[in-house]
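1. Need a 3D model of the following:
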Amino acid sequence: MWFFLVAAILSLSACTKVDIQKSSVLGATVMGLDQVAVPLEPAPSRIVTLTPGVSEMVSSLLGEADQKKIVGVSEYSDYPEALKQSAVEVGPYYKLSVERILALKPDLVIGSIDGNDQPGVSKLRELGVRTLILNSQSLKQIEESYLKLGQILRAEASAKKLLEGWNLELNSMAAKVKSNALLRSLSLVLQVGDSPLVVVGKNTFISELLVRVGISILPKDEEGTYLRPSKERIYQLNPDWIFILALGQDQLAYEEMKKAWLKTLPDMKASKSAQVRVLRADALIRPTVRCVEGLKTLITVMAKEAL
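-> Got it, this is the predicted structure:
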């Protein structure tokens, strides 16, 4: 069975492999954030994106007339809405279907070093598919990802404009927080998982966002991206706020997480003041310029209580 699967993959990729080899002699490349150089030619016309965040980045850089260039996306690529209607799903970002990707005959595949199925990415490259890998674990890397996408998508002006607007928004929010002493004094924990408890750590772009605008995120003295503290540890930290970051439409499970905090740790500051909140956080948790919208929502909720 495996022999026939490999044969099918090789057959589907043969045309793409030849095209990429021809284009590479032109010399111009962009360096992926995994330090692999990727040819800039030919201009991509059939693009497959391998994470929801990358799908959103690419869509934001393409003009309205070019959206149909995105022919394949990973599961949960739901923004903008049009992606779900015009692009074929190629599996979850952590378990990609190489066969589906190859069947779409892409001339550019774009993924992320943070979370993508690395064996799948390696297989695509082995078969000659031009594959650009980004890394968006920090604010600097998010900016670099947009600029590199701008190069290969022929959208450098759009990338620079998006980033300029993003930085202006962040500077504006930082000024508002700076002018509100009570808001600056509040601390928060961002929960992203339960059983076991998982919270956003200091070595993430989300934490960087909050620190940049002057909001204190806990725990701030522990290294790591996504931490697994005990609830007793959170009780010791005694945050003013606990935000449970909810993804998707179904909020029921997140509301149960909220009830658990209020029931098991009623003496914690956040529980006493009813500042354990479920926050729809698709925008905040994806490493794109739209994360500023999620940050605005979070700060708006906190500011209402701080007035």
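
2. in the protein, which spans are helices?
-> Here the chain has its helices, by DSSP state H, at 2-24, 52-61, 82-86, 98-103, 118-126, 139-152, 156-178, 181-185, 205-213, 231-237, 252-264, 269-272, 282-285, 291-306.

3. TSV please, covering those helices and showing distance to V199.
-> Heads up, the C-betas are built off the backbone N, CA and C, glycines and all. Listed next are these as TSV, based on distance: least, C-beta to C-beta, whole Å:
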stretch	distance to V199
helix 2-24	40
helix 52-61	20
helix 82-86	30
helix 98-103	34
helix 118-126	26
helix 139-152	19
helix 156-178	21
helix 181-185	20
helix 205-213	10
helix 231-237	8
helix 252-264	12
helix 269-272	13
helix 282-285	13
helix 291-306	15
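
4. who wins for proximity to R46 among the ones you listed?
-> helix 2-24 (9.3 Å; C-beta to C-beta).

5. returning to that earlier point: can you list the helices of the chain in TSV and add mean pLDDT and mean neighbour count?
-> Below are the helices of the chain laid out as TSV (pLDDT from 0 to 100; neighbours: other C-beta atoms under 10 Å):
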stretch	mean pLDDT	mean neighbour count
helix 2-24	33	14
helix 52-61	96	25
helix 82-86	83	13
helix 98-103	97	20
helix 118-126	92	17
helix 139-152	96	20
helix 156-178	96	15
helix 181-185	89	13
helix 205-213	96	20
helix 231-237	93	15
helix 252-264	91	14
helix 269-272	87	18
helix 282-285	93	20
helix 291-306	88	17
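
6. What's the local residue count around R277?
-> Other residues near R277 come to 18 when the count uses other C-beta atoms under 10 Å.

7. Same check on K220?
-> Neighbours of K220 using other C-beta under 10 Å come to 12.

8. That one against V200, yeah?
-> No: using C-beta atoms under 8 Å, K220 is not in contact with V200, being 11.1 Å away.

9. between the helices of the chain, which gets nearest to V36?
-> Closest approach to V36 among the helices of the chain is made by helix 118-126 (7.8 Å; C-beta to C-beta).

10. ok, residues contacting the closest one?
-> Here helix 118-126 makes contact (C-beta atoms under 8 Å, 6 or more residues apart in numbering) with 9, 36, 50, 95-96, 98, 101-102, 109, 111, 131, 133.
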